[in-house]
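Trainee: what's the 3D shape of this:
(one chain, ligands or ions: 2)
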Amino acid sequence: MVTFRNITKTFPGGTRAIDNVSLSVPPGQFCVILGSSGAGKSTLLRAVNGLTELQAGVDVGEVRVGDTTVSPRTLRDVRRRVGMVHQQFNLVARLTVMDNVLAGALPEVSLPRTLLRLFPRDLRRKACVLLAEVGLGEEHLYRKASKLSGGQQQRVAIARALMLDPPVLLADEPVASLDPQTSSSILELLRHSTRSRGTTVLCSLHQVDLAIKFADRIVAMKNGKVVFDGPPEVLAALG
Ligand code: ADP
Ligand code: ADP
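Mentor: Ligands and ions are numbered 1, 2, ... in the order given. Next up is the predicted model:
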């Protein structure tokens, strides 16, 4: 469960990226945050894992992950419970597929490959199982991340994000760099692998058709405000 209570975020310079947003996303929901560039989607998602800082005296509101209020004091704990997938995949190019996924077990550390090789067998096995689940078999485990296609890199990033079994997953425009066919396969994979685990998903998108096809619920944003919140069928009927 993720709860936003009256969130307002103003960046230095005066841009109000989020304007009084309240939202509660229940366990297991695949919630798409829909909006064009600049709507505030990324700023909202990043408030969940503290990458958007709510500054005392400037910003308003509270974000909760389960029973925990996101704050500098709880950040380490929150980040272990919130996985993230990015538009540009954010893999370590020089590391193998396997090592990139293993790195998901230690989100706060940047590890050289020599250390990654020392991961216990159960974690290595888990990484293999996750990679198989996202469609990357053994022949891919020791390829360098930089050699993969965009779709394959995003599959690795999803496996990495699931290494700690996070109850919450943030996906910030996860298919914006991919072609339409690959986009659909990645969203299908995200929906399938999170539904089977009961993960709460916040996924930002700018494509209405993809939101309608894959979301349990659509929250549409414009200029930092929520302008629609409801099931995809209702948004589709609005035209
Ligand atoms: P979206 O993800 O929907 O494209 P963003 O959340 O990235 O939107 O941005 C919302 C607004 O906040 C935009 O006007 C953007 O320019 C502004 N913004 C985002 N990040 C920063 C920042 N670090 N500093 C100043 N303004 C920012
Ligand atoms: P996916 O198979 O994850 O949907 P894509 O549709 O992006 O990935 O790519 C299809 C196939 O094209 C991949 O299996 C991959 O082998 C190949 N491919 C595409 N781009 C590259 C690249 N830059 N480097 C290596 N292989 C690539």
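Trainee: going forward, measure contacts and count neighbours with C-alpha atoms only.
Mentor: Noted.
Trainee: Who are the contact partners of Ala176?
Mentor: For Ala176, the contacting residues are 87, 183, 205, by CA atoms under 8 Å, 6 or more residues apart in numbering.
Trainee: swap in Leu23?
Mentor: Leu23 neighbours (CA under 8 Å, 6+ apart): 3-5.
Trainee: May I see those residues organised as TSV, with pLDDT, distance to ligand 1 and neighbour count added?
Mentor: Shown next, in TSV, are the contacts of Leu23 (pLDDT from 0 to 100; distance: CA to the nearest ligand atom, whole Å; neighbours: other CA atoms under 10 Å):
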residue	pLDDT	distance to ligand 1	neighbour count
Thr3	98	18	19
Phe4	98	15	20
Arg5	98	17	16
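Trainee: Out of the contacts of Ala176, the closest to ligand 1 would be?
Mentor: Closest to ligand 1 out of the contacts of Ala176 is Leu205 (8.5 Å), distances taken as CA to the nearest ligand atom.
Trainee: pretty sure the closest one is touching Cys31, no?
Mentor: No. Leu205 lies out of contact with Cys31 (CA atoms under 8 Å); the separation is 10.4 Å.
Trainee: After the helix-or-strand element of the chain with minimal mean pLDDT, heading C-terminal, what element do we hit next?
Mentor: Using mean pLDDT, DSSP states H and E, the weakest-scoring helix or strand in the chain turns out to be helix 113-116, at a mean of 59. Once the chain leaves helix 113-116, the next helix or strand it forms, by DSSP states H and E, is helix 121-133.
Trainee: Now look at that following helix and say if it contacts ligand 2.
Mentor: No. Helix 121-133 stays clear of ligand 2 (CA under 6 Å from any ligand atom), getting no nearer than 11.7 Å.
Trainee: cool, stretch 96-106 as well?
Mentor: No. Counting by CA under 6 Å from any ligand atom, ligand 2 is not contacted by stretch 96-106; separation bottoms out at 13.0 Å.
Trainee: State the mean pLDDT of that stretch.
Mentor: Stretch 96-106 shows a mean pLDDT of 92.
Trainee: Buried residues in stretch 3-13, which are they?
Mentor: Using 16 or more other CA atoms under 10 Å as the test for burial, stretch 3-13 gives 3-10.
Trainee: Give me the neighbour count for His192.
Mentor: 12 (other CA atoms under 10 Å).
Trainee: Three-state assignment for it, please.
Mentor: Three-state call for His192 (DSSP: H, G, I helix; E, B strand; the rest coil): helix.
Trainee: Can you show me the helices along this structure?
Mentor: Under the criterion DSSP state H, helices of the chain are mapped to 41-48, 75-81, 97-102, 113-116, 121-133, 150-162, 180-195, 208-214, 232-238.
Trainee: Could you look over those helices and pick the most buried one?
Mentor: Among those, helix 97-102 has the highest mean neighbour count (mean count of other CA atoms under 10 Å), at a mean of 27.
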